[in-house]
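Chemist: I would like the atomic coordinates for the input below:
(chains A, B, C and D)
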Number of protein chains: 2
Amino acid sequence: MYEILFETLLEEVSLTRDEQDIIKTYFIPRKLKKRQFLLQAGDVCNRITFVEKGALYSYSTDEKGTQHIIQFAFEGWWIGDPYSLLTKEPSKLNIEVLEECQLLQLHKDNEQILFKKVPAFETYARIRFQHAFIFLQKRIESILGLSAEEKYNYLLKEYPVILTRVPLHLIAGFLGVTPESLSRIRNQLTQQIPGKNSSV
Amino acid sequence: MYEILFETLLEEVSLTRDEQDIIKTYFIPRKLKKRQFLLQAGDVCNRITFVEKGALYSYSTDEKGTQHIIQFAFEGWWIGDPYSLLTKEPSKLNIEVLEECQLLQLHKDNEQILFKKVPAFETYARIRFQHAFIFLQKRIESILGLSAEEKYNYLLKEYPVILTRVPLHLIAGFLGVTPESLSRIRNQLTQQIPGKNSSV
DNA sequence: TAAAATCGTTACCATTTATCAAGGAAATTT
DNA sequence: AAATTTCCTTGATAAATGGTAACGATTTTA
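Modeler: The predicted structure follows:
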């Protein structure tokens, strides 16, 4: 149940058995089925969620009904709405299940308690945000100036796992293009491959 | 010299006089003039930089020579290349001075030492990355699905300070549009304003 | 102060991407 | 198994944005 969590934590910090047991007591397991919501827009987010198994994604919906995909989350990833968590304002995000999930949730009050009891857990939190920040910075770099085709290729190269587990119209929402455009791009790409490199 | 730094830190965590003195000893002051580089692509970034006074920006340059603006930094902000800092790989970013700067730099080894000596400083680092993460998440949300005009209006509303201190072609690079497009957008907007709301 | 570089704008045309509409394949539900 | 929904694709057209070039205005440099 907590295998992936501690694998993930131990990649970044050292934790004694005792510390691991303390941490364990504050995480609450939760199962969700496909299409269920972990968070609905309008609710305040007050837990961070670790994915032991399954897949989810967070998104906002604009006036036209277009989904803007903020994040996907698979095994070993964290998901939540840090803005709502910080400000206590109602979230503008939905977090929805893509594949049946085994989750571990930590209430933000308990997170603060854990920071005190297990300083290494706060170190982990810092490192986690640091990584998440880098991830987003790279994503922004990939969004700025890249054409839709280049963005898709970037995803294909850097995060192929997303392509294999997420429907294309959500990937379109992640890249900021329409599903139709993404479909056309993929069509073009497959037509380029067949006979190796045409210029040889 | 360290006024803004401690103002900024004390907004998030408590620090005794002693702790403040310890922190002070690890930060190295540095002055840079307009157009000088804090970091050049190819160099490894091993310091984080706090801006006491002035303005800088970080960017990458693609094959076509287009600048992708990653970040601006003004008084009270941090700047660096966290990816290069983490991986020790040569940075792909340039960090250049926009307005003469008074900076405070912390070497990453000293940052680790500070985390041990002053735990509250690590707490601050966590909070800082948390805020930075939220900032980027909002930026991504604004980039996805928003038209160039909407992106500009978003910037105008949320970060007007940027508009007042940064040349327009850099703002274009920040929004991911060409300077020409941004110019056209601004032109359209000024033509809409004149007689209040035309539908009244 | 003269020369050079930077910055912002505009015009024209090309390209990319979105939008609207329709239809088929596959998965899910009944 | 039939019906429904979801997912992906394709075509035709419209809208948004980019690329190139040229022009002053301003700032910086010599």
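
Chemist: Just checking, which helix or strand of chain A averages the lowest pLDDT?
Modeler: helix A:179-192 (a mean of 90; mean pLDDT, DSSP states H and E).

Chemist: So is the top helix by length along chain A next to DNA strand D?
Modeler: What stands out as the longest helix in chain A, according to DSSP state H, is helix A:119-143. No: remark: helix A:119-143 sits outside contact range of DNA strand D, by Cβ under 7 Å from any atom of the strand, the gap being at least 11.5 Å. C-beta coordinates here come from the backbone N, C-alpha and C atoms, glycine included.

Chemist: Buried residues, that helix. List them.
Modeler: Buried residues in helix A:119-143, counted by 16 or more other Cβ atoms under 10 Å in any protein chain shown: A:119-137, A:139-143.

Chemist: and if you look at stretch A:2-16?
Modeler: Neighbour-count burial for stretch A:2-16 [16+ other Cβ under 10 Å]: A:4, A:5, A:8, A:9, A:12, A:13, A:15.

Chemist: tell me how far the ends of it are from each other?
Modeler: One end of stretch A:2-16 sits 15 Å from the other (Cα to Cα, to the nearest Å).

Chemist: distance between that stretch and the chain's centre?
Modeler: 19 Å (Cα atoms, centre = their mean, to the nearest Å).

Chemist: Check stretch A:10-28 too.
Modeler: In this view, stretch A:10-28 has its centroid 22 Å away from the chain centroid, taken as Cα atoms, centre = their mean.

Chemist: tell me the mean pLDDT over it?
Modeler: For stretch A:10-28, mean pLDDT is 98.

Chemist: what's the closest non-adjacent residue to residue A:79?
Modeler: residue A:73 (3.9 Å; Cβ to Cβ, 6 or more residues apart in numbering or on different chains).

Chemist: Show me which residues of chain A are close to DNA strand C?
Modeler: Residues of chain A lying near DNA strand C by Cβ under 7 Å from any atom of the strand: A:64, A:66, A:147, A:148, A:149, A:176, A:177, A:178, A:180, A:181, A:185.

Chemist: tell me which element the nearest residue to the fourth one once chain neighbours are set aside falls in.
Modeler: I take that to be residue A:148. Nearest residue to residue A:148, sequence neighbours excluded (Cβ to Cβ, 6+ apart): residue A:177, at 4.5 Å. For residue A:177, there is no host helix or strand (DSSP states H and E).

Chemist: repeat for residue A:59
Modeler: Using DSSP H and E, residue A:59 falls within strand A:47-61.

Chemist: Run the contact check for that strand versus DNA strand D.
Modeler: No: if you take Cβ under 7 Å from any atom of the strand as the test, strand A:47-61 misses DNA strand D, and the best it gets is 11.1 Å.

Chemist: helices and strands around that strand, which ones?
Modeler: Judged by 3 or more Cβ pairs under 8 Å, 6 or more residues apart in numbering or on different chains; DSSP states H and E, strand A:47-61 is in contact with helix A:3-10, strand A:28-32, strand A:37-39, strand A:67-73, strand A:78-79, strand A:94-107, helix A:108-117.

Chemist: Can you name the residues of chain A sitting close to DNA strand D?
Modeler: Counting by Cβ under 7 Å from any atom of the strand, the residues of chain A close to DNA strand D are A:167, A:168, A:169, A:179, A:180, A:182, A:183, A:184, A:186, A:187.

Chemist: which of these has the most neighbours?
Modeler: Greatest neighbour count in the residues of chain A next to DNA strand D, by other Cβ atoms under 10 Å in any protein chain shown, goes to residue A:182: 21 neighbours.

Chemist: and the gap between that residue and chain B?
Modeler: Counting by Cβ to the nearest Cβ, to the nearest Å, the separation of residue A:182 from chain B is 13 Å.

Chemist: Hmm, that residue is touching residue A:175, no?
Modeler: Yes: between residue A:182 and residue A:175 there is a contact under Cβ atoms under 8 Å: 7.0 Å.

Chemist: Return every residue with contacts to both of those two.
Modeler: Listed as contacting both residue A:182 and residue A:175 by Cβ atoms under 8 Å, 6 or more residues apart in numbering or on different chains are A:148, A:152.

Chemist: Show me what the strand or helix carrying residue A:157 packs onto, helices and strands only.
Modeler: Taking DSSP H and E as the definition, one finds residue A:157 inside helix A:148-158. Using 3+ Cβ pairs under 8 Å, 6+ apart as the contact test, the elements touching helix A:148-158 are helix A:119-143, helix A:160-165, helix A:168-175, helix A:179-192.

Chemist: Distance to residue A:41 added to these, as a markdown table?
Modeler: Formatted as a markdown table, these follow (distance: least, Cβ to Cβ, whole Å):
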| stretch | distance to residue A:41 |
| --- | --- |
| helix A:119-143 | 21 |
| helix A:160-165 | 23 |
| helix A:168-175 | 15 |
| helix A:179-192 | 22 |
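
Chemist: Looking at these, spot the one closest to residue A:81.
Modeler: helix A:119-143 (13.1 Å; Cβ to Cβ).

Chemist: Is the closest one in proximity to chain B?
Modeler: Yes: looking at helix A:119-143 against chain B by Cβ under 8 Å from any Cβ of the partner chain, the contacts come from A:119, A:122-123, A:125-126, A:129-134, A:136-141, A:143.
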